[in-house]
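Asker: got a structure for you, letters missing:
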């Protein structure tokens, strides 16, 4: 034994060093892969965010363009266009006021600032959403551009922006002088700048618009020199989105570019890659430092751990596993070092107490489960008693002794059954007799319920908890048939499979929507109810307590228009009832 321990220690040390070396090699390879994967994910994420921003911008621009096309077809605008010819049919002044109101309303209804101007080439008349607006007559000398065109800020001293020109008729686009009406919408770039500022408040780097012919449109906080470096390195393919890493003077940058379908510009976003990958590089240094410290500590503790802890712990773990397997009589009689000897003695005392407590708790659980079953059963109260008594009174008053006798007989049989407390189990055949008495009572009161019972003969002697099916039938009548006009029908069937007994109650009542059925199923599946629970919930709890968690109620729509409630009882053996499933 003296020579055996060092040899084992050397083997353990060699294994430990091999594991650390393999870990370092794996970490190096994993680090390179992680950097590549994270970089790829960052590219995808950055491009997705930029595409969403571009889509928002295009949606706003397209919405404004759509409003212009709507104005072009507006009847009032058409009246203004032909106001000279229709002067004897319409009020010119009122028409002009209405047009001005529509232009002002159209301008103010958008969250983006915009200006609309109407111009008649033949008369030179101009109407605008703002009285200070004028029409750029230079557009009359050339065909109108298709879609939005960029207007730089140095033209007529106006703020830079995008302009959309429409003509009526549309064929006059190539000859704007011959158009009856020209429409112009102007969109300042400040709208886009504000959108970029809001985007930058939640992202690193910068965002701007770029066009090879017009340069860049920057937000208020953008660095023009940096944007020009990015665009110089960026290789833009028309109509395609790109995301790549570029090495610039200031370092490596992630640059994403997305084309705008509305204005044919590129939306560009760049962010420094160093800030994104810095936490990963920092974690590498921390990992290497921790690995070195771990190696030194492992060398110091491995031998002592084996000598003083490993063997006693293995013995203790084996004993705990025996306890986990249910062998409560397990005890440790081996003596080791003083600390583990004391621990073994405490384990023996604990095992003895656990064995005693488990036996006590098991008996208490049996008592509690039986009390809980009786409490749940007592909650199923025949609340229709008063209605039955009033029925007897009313029939007796008119001399209908036959109905009084039938009601009294059925009611007596019903209450004699449910008030029996000598045993919590009954046969399915007796339970069906209870259901027959209950349905007779309900039919005497309502005179529009027909029922059918179809049970497999081998199930009639089956032992089940009392009052298990009656709440389902009661629920079908109260919440189904009573809420529907006309005759009602209830069909009670029973069959068995290899795993369970299935009893179904089907009605043609008012039924429920799929959402209502799902909500009802969720309520009866609750483990506790603040109101104590009733009806279907009680049946669900009794099923799970008596037959296990796999048992329960299932509710589904019926082809007849009502509901099908299935009572599932998992099969198992019980010593006090050989013919039962519970």
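Answerer: Thanks, I have the structure now. Keep in mind the model is a prediction, meaning the values are calculated, not measured.
Asker: ok, then the element right after the longest helix seen in the chain?
Answerer: Criterion DSSP state H: the longest helix present in the chain is helix 4-72. The helix or strand immediately downstream of helix 4-72 is helix 75-81, counting by DSSP states H and E.
Asker: Give me the packing partners of the next helix or strand after that next one, helices and strands only.
Answerer: Using DSSP H and E, the helix or strand that follows helix 75-81 in sequence is helix 92-108. Helices and strands touching helix 92-108, by 3 or more CB pairs under 8 Å, 6 or more residues apart in numbering; DSSP states H and E, are helix 4-72, helix 75-81, strand 115-119, strand 126-128. In short, each C-beta sits where N, CA and C put it, glycine included.
Asker: Figure out which of those is closest to residue 565.
Answerer: helix 4-72 (48.1 Å; CB to CB).
Asker: rewinding a little: out of the helices and strands packed on helix 92-108, flag the one nearest residue 430.
Answerer: helix 4-72 (67.0 Å).
Asker: before we move on, back to that, just say which of the helices and strands packed on helix 92-108 is most tucked in.
Answerer: Highest mean neighbour count among the helices and strands packed on helix 92-108 (mean count of other CB atoms under 10 Å): strand 115-119, with a mean of 22.
Asker: Can you name the residues in contact with that strand?
Answerer: With contact meaning CB atoms under 8 Å, 6 or more residues apart in numbering, strand 115-119 is reached by 68, 71, 77, 80, 99, 103, 106-107, 125-130, 133-135, 137, 181-186.
Asker: switch the cut-off to 7 Å
Answerer: 103, 106-107, 126-130, 133, 135, 181-186 (CB atoms under 7 Å, 6 or more residues apart in numbering).
Asker: tilt between it and helix 4-72?
Answerer: Interaxial angle of strand 115-119 relative to helix 4-72 (axes from the mean of the first three to the mean of the last three CA atoms, to 10 degrees): 30 degrees.
Asker: Strand 115-119 vs helix 92-108, what angle?
Answerer: Going by the same axes, to 10 degrees, strand 115-119 makes 150 degrees with helix 92-108.
Asker: how close does residue 203 get to residue 524?
Answerer: 49 Å (CB to CB, to the nearest Å).
Asker: and residue 149, which of the helices and strands packed on helix 92-108 is closest to it?
Answerer: The nearest among the helices and strands packed on helix 92-108, by CB to CB, is helix 4-72 at 12.4 Å.
Asker: helices or strands next to that closest one in the packing?
Answerer: Judged by 3 or more CB pairs under 7 Å, 6 or more residues apart in numbering; DSSP states H and E, helix 4-72 is in contact with helix 92-108, strand 161-168, strand 181-188, helix 190-200, strand 242-248, strand 251-259, strand 266-272, helix 273-305.
Asker: what comes into contact with the second one?
Answerer: It stands for strand 161-168. Here strand 161-168 has contacts from 65, 68, 72, 81, 139, 144-145, 148-151, 173, 176, 179-189, 263, using CB under 7 Å, 6+ apart.
Asker: picking up where we left off before, looking at residue 203 and residue 524, which has the bigger crowd around it?
Answerer: residue 524 (18 against 14; other CB atoms under 10 Å).
Asker: I'd guessed the more buried one sits against residue 540; true?
Answerer: Yes - counting by CB atoms under 7 Å, residue 524 touches residue 540, with 4.6 Å between them.
Asker: What average pLDDT does the longest helix of the chain get?
Answerer: On average, the pLDDT along helix 4-72 is 78.
Asker: what's the offset of that helix from the middle of its chain?
Answerer: How far helix 4-72 lies from its chain's middle: 24 Å, per CA atoms, centre = their mean, to the nearest Å.
Asker: Now do it against helix 190-200, angle only.
Answerer: Using the same axes, to 10 degrees: helix 4-72 against helix 190-200 is 160 degrees.
Asker: correct me, but residue 509 touches residue 486?
Answerer: No - between residue 509 and residue 486 there is no contact under CB under 7 Å: 10.3 Å.
Asker: for residue 510, what are its contacts?
Answerer: 480, 483-484.
Asker: Hmm, residue 334 and residue 348 touching each other?
Answerer: No - the criterion here is CB under 7 Å, and residue 348 misses it with residue 334 at 11.3 Å.
Asker: hmm, back to that, dump the helices and strands packed on helix 92-108 into JSON lines; add distance to residue 476 as well.
Answerer: Shown next, in JSON lines, are the helices and strands packed on helix 92-108 (distance: least, CB to CB, whole Å):
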{"stretch": "helix 4-72", "distance to residue 476": "52"}
{"stretch": "helix 75-81", "distance to residue 476": "61"}
{"stretch": "strand 115-119", "distance to residue 476": "66"}
{"stretch": "strand 126-128", "distance to residue 476": "71"}
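Asker: quick revisit: look at residue 348 and residue 334 and report which has more neighbours.
Answerer: The neighbour count for residue 348 versus residue 334, taken as other CB under 10 Å, is higher for residue 348 (15 against 12).
Asker: Contacts only, for the more buried one.
Answerer: 331-332.
Asker: Could you report the distance from it to residue 314?
Answerer: Taking CB to CB, one finds residue 348 at 17 Å from residue 314.
Asker: now do residue 335
Answerer: Taking CB to CB, one finds residue 335 at 15 Å from residue 314.
Asker: Please list the outside residues in contact with stretch 212-225.
Answerer: By CB under 7 Å, 6+ apart, the list of residues contacting stretch 212-225 reads 150, 152, 189, 192-193, 196-197, 200, 206-210, 227, 231.
Asker: of all those, which comes closest to residue 420?
Answerer: Nearest to residue 420 among the contacts of stretch 212-225, with distances taken as CB to CB, is residue 200, at 78.3 Å.
Asker: Residues in contact with stretch 483-490: which ones?
Answerer: Here stretch 483-490 has contacts from 448-451, 473, 476, 481, 505, 507-510, using CB under 7 Å, 6+ apart.
Asker: pLDDT weak spots in the stretch 351-500 of the chain?
Answerer: 362-384, 421-422 (pLDDT under 70).
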